[in-house]
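> For reference, the sequence and a predicted model appear below.
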Amino acid sequence: MTPLTIAIPSGERSKTFALTCLRKAGLVIPELEQSRSLQFDFPDVTLLLVKDPDVPVYVDVGVADCGIVGKDWILEAARDTYEPVDLGGNNYRFSLIRVAGSTNRIERIATRYPRATRVFLRERGISADVIALNGKIELAALTGLADAIVDIVETGRTLTENGLIENEILMQLSTRFIVNRAALKLKASRLRELIHCLAK
Amino acid sequence: MRLIPDGTRYYQPKDETWREDLRGKLERVLHSWGFDPVQTPSLEVFNPVHPQADKAFKLVDRDGSVLMLRGEYTTSIANLVHGMPEPTYPVRLRYSGTLWVRTRDAELGRQREYTQVGGELLGVSTTQADAEILSVALECLDAVGFPQAAVEIGHPGFVKAVLASTELEETAIQALRTAIHRKNAPELQALLETYKIKGSTREAVLQLLDLYGGVDVLKEAAGIAHSQAAKAALENVRLVAAELPPERFLFDLGIARAWDYYTGVIFQAYTPDFGQPLCGGGRYDVGLPAVGFAVGLERVMTALGEAPNLVPAFAIATSNRIAKVFRTQGKRIVQAWTNNQAELEEAAKAWGVPYLLLENYAIRLADGTKIDLEHL
């Protein structure tokens, strides 16, 4: 069988979801040993464990044939890959978040997704400065570093606990299967079957 | 080493020798098919409607006007042909030179300063001309060492025609096109739902995502080619394919990129286990009809891997006269730079140069034996 190299997120929850999807689709992937390995070689599949934002990079450049990653990171990476399957997974969304009750004009937005945020702003005709941060984004709104934040929201509990509210839902998100452009053509029979099984 | 910009390279002798060799192989293939060499300026006048305008490096000319570094050859070659005194068409031209992209991130197989070797067949719009360019492209890839490369042929007019049958307005068409370009089935289904496209039109649009693979794809595509434009695009691909050996070609009738640029077949070539196209091209009959392709030289090098070792010179010579005799025979002879024979021998061994040429005899450095010059 043509071997496939698949990039999946290394984070525990996303990794488990990705592995469950791949196994359900018929790939034989044994339990991954708890180790610091970043790469797992099985007879027909090689798994690369990478950070979420890096999955589209590995797939676009072609180091991985395909990958599993959230739509949020696909938008942020803006890479020219195929994106044939919506794997569902956690129901989450991109939202514009503010301190409850604030009404001043939005001039600065903090986010982990600067590129995607700029696209959202452009689509809505809003001019605001985008501040790229790496996490704990809520603090940016609470301290006044930014007037608003753009981040993913799942249950919204962290927001409520910090006195923040979702001002606007920008987009519903889910986990996707992405494929390198050359790989889809050169490993067509194997990938076509995998796409078919993942889409079920 | 001094700092250099992202995505540029120093080429050491070993790599540059290899690059020169590969470039020569590509140029010789084009030459053997009758393509004549041309060159265009690296500096171009900035033109906002140029296809690479947004991506180009910009410079300021002495009068303050904006220049850009060459980002592709096709546009410039069309201008060059307009300046030809009474050409007899078809004109076959080849080019080889440096291109620059400002906006690209430097990554594996992607430099910001890179070389393209390519060919253009101008002045005729026939399927034979399309097939010729595809054959030359494939022969180029064979020549530089990709016997397993496959060329994928598509026609953006096919997707355009099928989408036109939805009778939607332009923004909706563009949204569908983006989803098709990414083969994004869930998004395409959602869009068709939103736009209330139903029945056989819906099925046809969805089927575009799956029209890739071997020659059977053309039969499947025929099933959804209802409009004249769709039939014409498909027939074009079929006729081009009929001129070519089937085992090296793939098809994708779901290619939705660049339909405002390419007017006929487009293609890209891939080799197993390398995730980026090695060459690409297509037909653009805007004004003067033309079909062309280009190979990315540094990407070819990345896909091939390591440069072969340098071939050392044949000998170090202490005598000008003797050196000249051997050079006229096509051998590479390095001139002695000192009278110290031990130093010469040491350098020759370090470089892997096999002989030292003296006035009346040669020394084979591997074992120190003296050899008559006429026996070399």
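On my side now, so go ahead.

> Local confidence estimate at the residue nearest to the spatial centre of chain A?
By Cα atoms, centre = their mean, the mean C-alpha position of chain A lies nearest to A:Gly70, the distance being 2.5 Å. In this model, A:Gly70 is scored at 96, pLDDT.

> For it, give its distance to A:Gly101.
Using Cβ to Cβ, to the nearest Å, A:Gly70 is found at 31 Å from A:Gly101. Quick note: C-beta positions are derived from backbone N, CA and C, even for glycine.

> got a list of what residue 112 touches?
Using chain A here. The contact partners of A:Arg112, by Cβ atoms under 8 Å, 6 or more residues apart in numbering or on different chains, come to A:Ala132, A:Leu133, A:Asn134, A:Gly135, A:Ile137, A:Asp151.

> I was after chain B.
Counting by Cβ under 8 Å, 6+ apart, B:Arg112 has contacts B:Pro5, B:Asp6, B:Gly7, B:Thr8, B:Trp100, B:Val101, B:Arg102, B:Arg104, B:Ala106.

> Please repeat the previous calculation with a cut-off of 7 Å.
B:Pro5, B:Asp6, B:Gly7, B:Thr8, B:Trp100, B:Val101, B:Arg104, B:Ala106 (Cβ atoms under 7 Å, 6 or more residues apart in numbering or on different chains).

> Could you pick out which of those are located in strands?
B:Trp100 (DSSP state E).

> of the contacts of B:Arg112, closest to A:Tyr113?
B:Arg104 (21.4 Å; Cβ to Cβ).

> residues from the stretch 1-150 of chain B in reach of chain A?
B:Glu107, B:Leu108, B:Gly109, B:Ala150 (Cβ under 7 Å from any Cβ of the partner chain).

> One more pass at 10 Å, please.
Neighbours of chain A within the stretch 1-150 of chain B, by Cβ under 10 Å from any Cβ of the partner chain: B:Asp105, B:Glu107, B:Leu108, B:Gly109, B:Arg110, B:Gln148, B:Ala149, B:Ala150.

> okay but the third one is in contact with A:Val63, surely?
This points to B:Leu108. Yes - shown here, B:Leu108 and A:Val63 form a contact pair, counting by Cβ atoms under 10 Å, at 7.0 Å.

> what is in contact with those two at once?
Common contact partners of B:Leu108 and A:Val63 (Cβ atoms under 10 Å, 6 or more residues apart in numbering or on different chains): A:Val57, B:Gly275.

> what residues are up against the residue of chain A found nearest chain B?
The nearest approach of chain A to chain B comes at A:Gly62, 1.2 Å away (Cβ to the nearest Cβ). Contact analysis of A:Gly62 by Cβ under 10 Å, 6+ apart lists A:5, A:81, A:180-183, B:108-109, B:270, B:273-277, B:303.

> Going along the chain, name the helices of the stretch 151-300 of chain B.
Along the stretch 151-300 of chain B, counting by DSSP state H, counting those that start in this stretch, helices occupy B:156-164, B:170-181, B:185-194, B:199-207, B:216-222, B:228-242, B:297-304.

> Need the winner for burial among those.
Stretch with highest mean neighbour count among the helices of the stretch 151-300 of chain B: helix B:156-164 (a mean of 23; mean count of other Cβ atoms under 10 Å in any protein chain shown).

> Quick one: work out the angle between it and helix B:228-242.
Taking axes from the mean of the first three to the mean of the last three Cα atoms, to 10 degrees, one finds that helix B:156-164 is oriented at 150 degrees with respect to helix B:228-242.

> before we move on, back to that, which non-adjacent residue is nearest the residue nearest to the centre of chain A?
A:Thr175 (5.5 Å; Cβ to Cβ, 6 or more residues apart in numbering or on different chains).

> Right, and chain A sits closest to which residue of the stretch 51-200 of chain B?
Nearest residue of the stretch 51-200 of chain B to chain A, counting by Cβ to the nearest Cβ: B:Pro186, 3.9 Å away.

> Identify the residues contacting that residue.
Taking Cβ under 10 Å, 6+ apart as the test, what B:Pro186 contacts is A:Glu83, A:Pro84, A:Val85, A:Asp86, A:Leu87, A:Gly88, A:Ser174, A:Arg176, A:Ala199, B:Ala179.

> quick one on the thing from earlier: could you point out which of the contacts of A:Arg112 is nearest to A:Ala25?
Out of the contacts of A:Arg112, the member with the shortest distance to A:Ala25 (by Cβ to Cβ) is A:Asp151, at 30.5 Å.

> count of neighbours near the residue lying closest to the closest one once chain neighbours are set aside?
Leaving aside its chain neighbours, A:Asp151 sits nearest to A:Ile137 (4.8 Å; criterion: Cβ to Cβ, 6+ apart). By the criterion of other Cβ atoms under 10 Å in any protein chain shown, A:Ile137 has 23 neighbours.

> related to what we said a few turns ago, including neighbour count, pLDDT and distance to A:Leu121, could the contacts of B:Arg112 go into CSV?
Formatted as CSV, these follow (neighbours: other Cβ atoms under 10 Å in any protein chain shown; pLDDT from 0 to 100; distance: Cβ to Cβ, whole Å):
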residue, neighbour count, pLDDT, distance to A:Leu121
B:Pro5, 11, 94, 30
B:Asp6, 11, 93, 27
B:Gly7, 18, 95, 29
B:Thr8, 12, 95, 33
B:Trp100, 21, 97, 30
B:Val101, 20, 96, 26
B:Arg104, 14, 88, 24
B:Ala106, 14, 89, 28
